[in-house]
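Novice: sequence isn't available, so here's the structure alone:
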């Protein structure tokens with residue numbers, strides 16, 4: 001059995017769904033299939049992206065919106081309190097990371113943050129990481145990169161909510 005690559009997640013183009021470094025996603029999950037991003041929403045207001053394989057469920061989903069962030073985060077904190085949520089580092093805003101089958105994919109992270117005058121929320125969910133990796137650490141790294149990318153795309157500076 002090959003030794004898992006345990007290097008930390010780094011930020012590099014190209015990106016899946018505009019926010020997640022494709023090479024890093026493939027490295028930490030072991031996904032080898034060709035992926036096709038399907039994006040919906042109004043880019044100035046909200047977005048949903050699923051990275052599809054040719055068959056089966058998409059291994060990656062990203063959702064972001066400017067609306068109802070505080071309520072959505074509060075609902076998630078309440079609804080998943082019994083699923084051992086991991087609080088995100090303060091620099092990412094208010095949010096949690098979860099492992100297990102709480103969403104369509106195994107790993108789920110959501111955060112409410114500021115970007116300029118706005119308070120967007122973003123969620124990222126993806127398939128299991130390869131054996132030996134720390135899924136929570138990888139979710140935190142992906143959220144950090146995604147918020148940075150959000151700021152680049154929307155021309156604002158991400159900071160805690």
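Specialist: Structure's in. What do you need? Quick caveat, the model's predicted, so the values are computed rather than measured.
Novice: the closest residue to residue 98 other than its chain neighbours - how many residues pack around it?
Specialist: Distances taken as C-beta to C-beta, 6 or more residues apart in numbering put residue 108 closest to residue 98, at 4.7 Å, once the chain neighbours are dropped. Every residue, glycine included, has its C-beta placed from N, CA and C. By other C-beta atoms under 10 Å, the residues close to residue 108 number 25.
Novice: which SS class is residue 108?
Specialist: On the three-state scheme (DSSP: H, G, I helix; E, B strand; the rest coil), residue 108 is labelled strand.
Novice: these two touch, right, it and residue 86?
Specialist: No - in this structure residue 108 lies outside contact range of residue 86 using C-beta atoms under 8 Å: 10.6 Å.
Novice: joint contacts of these two?
Specialist: Residues touching both residue 108 and residue 86 (C-beta atoms under 8 Å, 6 or more residues apart in numbering): 97-98.
Novice: give me the low-pLDDT residue ranges for the protein?
Specialist: Applying pLDDT under 70 to the chain flags the ranges 1-2, 101-104.
Novice: which residues touch stretch 139-146?
Specialist: For stretch 139-146, the external contacting residues (C-beta under 8 Å, 6+ apart) are 8-9, 11, 19-21, 24-25, 62, 88-89, 91-92, 95, 97, 107-109, 111, 122, 124, 126.
Novice: among those, which ones are buried?
Specialist: Buried subset of the contacts of stretch 139-146 (neighbour count, 16 or more other C-beta atoms under 10 Å): 9, 19-21, 24-25, 62, 88, 92, 95, 97, 107-109, 111, 122, 124, 126.
Novice: tell me which of these fall in strands.
Specialist: 20-21, 62, 95, 97, 107-109, 111, 122, 124, 126 (DSSP state E).
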